[in-house]
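J.: pasting the structure only:
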Ligand SMILES: Nc1ncnc2c1ncn2[C@@H]1O[C@H](COP(=O)(O)OP(=O)(O)OP(=O)(O)O)[C@@H](O)[C@H]1O
Ligand SMILES: Nc1ncnc2c1ncn2[C@@H]1O[C@H](COP(=O)(O)OP(=O)(O)OP(=O)(O)O)[C@@H](O)[C@H]1O
Ligand SMILES: [Mg+2]
Ligand SMILES: [Mg+2]
């Protein structure tokens, strides 16, 4: 069986699948990382991804431009992120409940808009999906090159965003302010930073990224929208943020492990692996769990995570 | 140095929080180039007044003039822009960031949004040199001692080019030497044209460094005095509203030392930073004596106390209480062996959201008579709380108030009450009077002596040398995790201890 | 007149209860289309439906309709067995139709799609057309009806291509589009050049994966040609769109019985049209399919129903 | 307007409506109590859904395969098995957090997926009713059924159990040593440690209790309503339970009201589909909005 597994086609396919599965999770997780590092826990990510995939699709469908589709998806996501901001920052809502509410609300909203705009149709409208771009030279790298460097633009941009985000948190005043606000909002306030402004920006950006992650599903993977495009990817994104210790590269690692375990699981099944399929489907979750138990102990999130900031509480 | 121009004038400031009026029609003015002391008991409203000036609170009424111009300061951002800097009583720092990042936090620079750490490091170096404030800019805040954190807090203000510097109880965590360094720094500030507001509970300090003092009581201004024209006694009376004793004598009713209650042998413990913070410490404490551990903050006292109380693993060595080996025992076991523990921060001993009844029962709630078969007996808990509250004179309307609403002094009393009202043989008290006003301080020191006289062994960790000298029968000095020397009180004096603390004595 | 009488008469009220959305492109949409077909084909009917009803709420939804005086109630969820039986017991005057169920009563009939026959025909196509000798099957949840189809498909493949290998992925969901997509992708990479999407909503993912990799494929439940017109050769219809109005017609004519209505090839559980892709299928293959189809209809060829339970028991015996 | 009328009427306007509201409140209340206990210790248990499934599985196993017992023994045993199942599934993240300091958000979420898949395996495999043409487990023996309390409705004894447990949980939190320790750990872990409370042990016990309560929700659904193990017998009750617990301000009696309110809302919204042809997506939007508004409205207090 091992020789069956370790073929080149298997490996390249496995890599490609890993990338495919991890990308939307990674996009959303990177955004959620901003929100959480600023102290806002947005459990509505799953819902925002659903809206993002619908808005992205509708945008692309009506404008005929995938780019505008992604823009629409991102904007819709940003709007919902902002709504989460208003709830958690201005109204000082309980963030866990507000996030769950947004999740349910978005499910309904996406499906409502979908039926309102496209109707209950027997044939789904569709758009052509984002093409893969093969990077010259790099795609010649043996074994990996063909898949790693033959991806759509969003994959490249997402991977590019990782060092950029790392840079933002390491070297810019934006990153510093976000961390300060999530860690010790009173200190940030006393240093002259507007806690609520930073949080609004971070949670809105988090929403924007979740919207993009959703749009990725409808525009880069499927070219159409159904209510069930994202089944739990947003929740996985939240897990990956914690798993990734709120740091960009670790988050990539988390998404990668989950993506790889998933990709492997489908392949094992197709190879008639002698286990009931439900147990194979468990693999990604169990792998995540085991890895966290082995390597991910003792991490605590930003100190002020999910706590509304009130100045006079001092 | 021009002394008469008024730089800050606060007029008719009133501020209340729910039921309590923290500031009641306060008028206060700061002249250019002066050091203005602000005195008052815990809860008198000093911090609130300064928070208003710094834009953290909005006054309910009253107005503020900065450099003769009326200002509406709604955020620290605006205060900073007006040249006001504040060193807070609770440090306003992000522990997970470095010193440098904390200093530049919230500031703009030419390369925005990029950080200019190189430039900042340079400027910080210069400031450190000018004001003699030494800290490693690359160190993380959580790694620093309290003294260092305070230096960071001051550097933050200086870095912002403030002309008005507010220091809220800056010396409550410092040793006398550190306090002296601070005063020297303040004088440099004033010489460079700054004006300083200095909040303290220590009258000696107020007398020695300030030009004028304003005394608050219950949210009102009681008096403003020129320092050279007043006395400690007068200030104390103004603050408390009655005469205050200044020295407690520990020789009264001194009983001979009893059997060994605590024996520590070659103890080693590792700090959160992963370094050996307690190095081969050995000492004994007998029943009926107070042994003091003096030292500059951050020299392993925290870790020592935690290792003794089961809150931190002991790497090697032994801890024996009353003949029982409690090395690495669980806190509960140690507590049940008759050890009381007053941690250095009373917020680590109290549950703010719990009533006094619950807080007072926290240590023994799982044993009869507080509970049986896992079920609490609320009535017993309540009665016991009432008794304890009366006995320790905790100032509270009733025993059902939430602990977080108490003043600092009263919170500390609750902790001490809980930890000493059960049958204990040994009390480990870390900085029991830190941040408390003179009235509360006096009370707690008296209480420690009483316990000592009742035959209890007390280990007192303190950075206040006057406290150590006035209370302890024997004094140990700790420096970099080692005990540097031991002396009876009769042999001790400030000089000698100070040298040991600096690591140069013995 | 008689005609006026008819229009004045109380309309016949038909309700449908679904466990998912009516536009899921699969099972639920097929049921919904069956309901719409009733409205279209018969006069003086009033229709209503409740979608996205979770399992614990099924019985409440059924009772709600029953107590509101609906005459004919369709339960489109095979696992809501007790809801069907309990409600039917308490409302003997109301007729219930339960799709893909396993129990009948006087007033409870079951529609059982015999899609394994069409699946067999699909297997013939796949087996004849594969070049790599590797064929994929992506199933939703492995339940008796999908399992029957899977077995039928494998039989079809084996009939024409004894050496062909069928890769099997069950994704444990009838909805998860991403999982369908990934499973199909993994089969393509493993060499499959024809994939049978033996499921439901998740088939969208399967078919889109095929479109992207230019792999031929076969849909299921309803005609799924439009999901990926360039690669969908045909679909295995389950016949709800035709079967539901068929049973309702019986009911109107007073012929309704608490029995199993098996929907066979002729009644709509048939291969769906080839549409534009007819030419992709070699003529002799199409002829073979037509031939076998006729044999089945004529009763000359029987495709055994291999249910999952039976298979499991067999396995146990061989263990 | 008609729609809202339908909502209120269907929830409380008739015996059956009331019964159905309580039927729905039952799992929300039990799981909500479980979440409450965990959250009071500041343990972010997002795994009530999985604990419900664990409880349902265990109850089904005992209810189906243990035969020959009289109802007075079999029923309590079945219910207890549900509690044990939930407790075990809660113990895992509790233990991992208390002893290995593993973040509970990850563990509880992952364990949800695992147990739901395991339930799927059991229902489609070993526990499948071989006599049936569909994939459900056999019925629980009648001796393991929670009796129906209001005749001709689905109002089963599990609801009474849930209400009683709300009082028990209140008593547990306010009057027992364990409850006191749970609250202490939640409010100030450092103070708990200083006062000698064994934090790790408390967290483990918390999650046993929390999981057991959620497990009982599963057992009540299986033994009171489905009488079988079926796919998706909990359509996300464990997640709603989080909202219910927080809406109830993490107070057991508050959770009673919150669960009834949510149940009325869910049932009412569903009835709006039939009474006023309100499309399902709109219903989800309304539900989401209500939760969102509720989050902002009622919860300023406990954050401080
Ligand atoms: N670095 C960390 N990361 C996450 N959690 C931590 C960390 N440090 C301590 N904890 C907390 O400590 C708890 C376990 O603490 P610990 O094992 O010290 O308890 P304990 O009081 O010794 O318990 P017991 O007496 O039952 O052994 C965890 O549940 C967690 O809440
Ligand atoms: N944010 C707040 N909310 C409610 N009450 C407050 C708040 N801040 C201060 N108070 C109350 O206002 C009063 C004045 O407090 P303040 O902190 O100004 O006293 P202080 O003079 O600085 O005392 P200390 O010497 O203990 O620092 C106290 O009774 C305090 O409890
Ligand atoms: Mg103060
Ligand atoms: Mg210390």
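T.: That came in fine, so what should we check first? As the structure is a prediction and not an experimental result, all values here were calculated from the model. Ligands and ions are numbered 1, 2, ... in the order given.
J.: Next, the contact list for residue B:311, please.
T.: When the contact criterion is CB atoms under 8 Å, 6 or more residues apart in numbering or on different chains, the partners of residue B:311 are B:331, D:193, D:194. Every C-beta, even on glycine, is put in place using the N, C-alpha and C of the backbone.
J.: Roughly how far does it sit from residue A:278?
T.: Separation of residue B:311 from residue A:278 (CB to CB, to the nearest Å): 46 Å.
J.: which residues touch the residue of the stretch 1-150 of chain A found nearest chain C?
T.: Taking CB to the nearest CB, chain C has its nearest neighbour within the stretch 1-150 of chain A at residue A:13, 3.0 Å off. By CB under 8 Å, 6+ apart, the contact set of residue A:13 is A:147, A:267, C:185, C:186, C:188, C:189, C:190.
J.: and chain D, which of those residues contact it?
T.: Taking CB under 8 Å from any CB of the partner chain as the test, chain D is in contact with none of the contacts of residue A:13.
J.: Now go through those and say which are in helices.
T.: Judged by DSSP state H, helices contain the following of those: A:147, A:267, C:185, C:186, C:188, C:189.
J.: From those residues, pick the one nearest ligand 1.
T.: Ligand 1 has its nearest neighbour among these in residue A:267, at 35.7 Å by CB to the nearest ligand atom.
J.: Tell me how many other residues crowd the closest residue to that closest one other than its chain neighbours.
T.: Nearest residue to residue A:267, sequence neighbours excluded (CB to CB, 6 or more residues apart in numbering or on different chains): residue C:186, at 4.9 Å. Neighbour count of residue C:186, defined by other CB atoms under 10 Å in any protein chain shown: 29.
J.: Can you show me the strands along the chain?
T.: No chain in the question, so chain A it is. With DSSP state E, the ranges of strands along chain A come out as A:132-134, A:150-152.
J.: ah, I was thinking of chain C
T.: C:12-18, C:45-50, C:72-76, C:95-99, C:108-113, C:134-139, C:165-170, C:194-198, C:216-221, C:232-237, C:260-263.
J.: Adding mean pLDDT and mean neighbour count as columns, could you present the strands of chain A in JSON lines?
T.: As requested, these are exported to JSON lines (pLDDT from 0 to 100; neighbours: other CB atoms under 10 Å in any protein chain shown):
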{"stretch": "strand A:132-134", "mean pLDDT": "82", "mean neighbour count": "14"}
{"stretch": "strand A:150-152", "mean pLDDT": "85", "mean neighbour count": "19"}
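J.: From residue D:238, how far off is the residue in the stretch 1-150 of chain D that chain B sits nearest to?
T.: Nearest residue of the stretch 1-150 of chain D to chain B: residue D:40, at 11.0 Å (CB to the nearest CB). Using CB to CB, one gets 17 Å for the distance from residue D:40 to residue D:238.
J.: One more: residue C:44?
T.: Distance of residue C:44 to residue D:238, computed by CB to CB: 46 Å.
J.: The two: which has the busier surroundings?
T.: Comparing residue C:44 with residue D:238 by other CB under 10 Å, the one with more neighbours is residue D:238, at 28 against 12.
J.: Tell me which residue of the stretch 201-319 of chain C lies closest to ligand 4.
T.: residue C:205 (59.5 Å; CB to the ion).
J.: ugh, wrong one, the stretch 401-506 of chain B
T.: residue B:430 (7.6 Å).
J.: for chain B, same thing?
T.: Taking CB to the ion, chain B has residue B:302 as its residue nearest ligand 4, at 3.4 Å.
J.: which ones are touching the residue of chain C found nearest chain B?
T.: The nearest approach of chain C to chain B comes at residue C:56, 35.7 Å away (CB to the nearest CB). Neighbour list for residue C:56: D:23, D:24, D:27, D:221, D:225, D:226, D:233, D:234, D:235 [criterion: CB under 8 Å, 6+ apart].
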